[in-house]
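Student: Next come a sequence and a model predicted from it.
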Amino acid sequence: MFKEVYGSNAELVILSDQKIEEFWDRIKKIRLEYWKENYFSCVIDGLQWDLNIKSNFLTKEISGSNEFPDGSCNLKNTPIFDKLISAIEFLIDRDKFFENL
């Protein structure tokens, strides 16, 4: 299931085994298992994000505030973070789902 941060309803998304496998291939390529638990920059206001992911082989809770993996004090996503966003959008079949966040 996925749920928008500001939404109140969770939406059930039915996934094929092939789609799940492709998603995990994308996650493995960005080496999510090596990401730090926290990414916080010196900027006070901006974008805050959280990722909680759990599977048989990977459980991670990661959060950030105005900082992303492979970057420091950024107000924009880094390429590796954009690949994470792309993998999630692929999984839920919603292109540009996070575009306006």
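Tutor: Structure received.

Student: how about the strands in the chain?
Tutor: 2-3, 10-11, 38-40, 48-54, 59-65 (DSSP state E).

Student: wait, what's in contact with Asn38?
Tutor: By CB atoms under 8 Å, 6 or more residues apart in numbering, the residues touching Asn38 are Ile62, Ser63, Gly64. Every residue, glycine included, has its C-beta placed from N, CA and C.

Student: Just grab the bridge partners of it for me.
Tutor: Taking DSSP bridges, one finds Ser63 as the beta-bridge partners of Asn38.

Student: any idea how far it lies from Phe23?
Tutor: 24 Å (CB to CB, to the nearest Å).

Student: How about Lys60?
Tutor: 14 Å.

Student: quick revisit: same list (the contacts of Asn38) but as TSV, adding distance to Asp45.
Tutor: As requested, these are exported to TSV (distance: CB to CB, whole Å):
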residue	distance to Asp45
Ile62	21
Ser63	16
Gly64	14
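
Student: ok, of those, which one's closest to Lys54?
Tutor: For those, the minimum distance to Lys54 (CB to CB) is 12.2 Å, reached by Ile62.

Student: Okay, that closest one and Gln48: tell me how far apart.
Tutor: 12 Å.

Student: got it, and Phe98?
Tutor: 13 Å.

Student: ok, these two, which is more surrounded?
Tutor: Set side by side, Phe98 and Gln48 show more neighbours around Phe98, with 15 against 11, by other CB atoms under 10 Å.
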